[in-house]
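**Q** Provided below are the primary sequence and the corresponding predicted coordinates.
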Amino acid sequence: MEMTSILNNFWILIPLIAWTLSWKGIALWKAARRNSPRWFVAILIFNTVGILEIIYIFFVAKNGESVEEKSDFSEYPTNKKIV
């Protein structure tokens, strides 16, 4: 299929763009929330029409869904007085 025929058929191109951007957005959001910079960069750079994003969302991010958020102050002892 030639590139010009794809560009002339917007009814195919628009849903493909919407499909890709929606999966990419969800996967990037999950990668950022899980603090996974390697996955974030890979998803951001490679355009796989949603395949890499779907793999990340349903297989990789699913395993670490219950990641606890730690406070920055949790490492400091609370029983000492500040003078």
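**A** Sure thing, it's come through. Numbering: from 1, shown residues only.

**Q** after the lowest-mean-pLDDT helix or strand in the chain, which helix or strand is next? Please name it.
**A** Using mean pLDDT, DSSP states H and E, helix 3-8 stands out as the lowest-scoring helix or strand of the chain, at a mean of 68. Scanning forward in sequence from helix 3-8 by DSSP states H and E, the next helix or strand is helix 10-33.

**Q** buried stuff in the helix or strand following that following helix?
**A** Next helix or strand after helix 10-33 toward the C-terminus (DSSP H and E): helix 37-45. Neighbour counts over helix 37-45 (16 or more other C-beta atoms under 10 Å) mark 39, 40, 42, 43 as buried. From N, CA and C alone the C-beta is placed, and that goes for glycine too.

**Q** can I get those residues in CSV with distance to residue 9?
**A** Shown next, in CSV, are the buried residues of helix 37-45 (distance: C-beta to C-beta, whole Å):
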residue, distance to residue 9
39, 33
40, 32
42, 30
43, 27
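
**Q** those: which two are farthest apart?
**A** 40 and 42 (7.4 Å; C-beta to C-beta).

**Q** just give me the closest of the buried residues of helix 37-45 to residue 21.
**A** Distances from residue 21 to the buried residues of helix 37-45, taken by C-beta to C-beta, are shortest for residue 43, at 11.9 Å.

**Q** tell me the contacts of the closest one?
**A** 24, 27, 28, 31, 52, 53, 56 (C-beta atoms under 8 Å, 6 or more residues apart in numbering).
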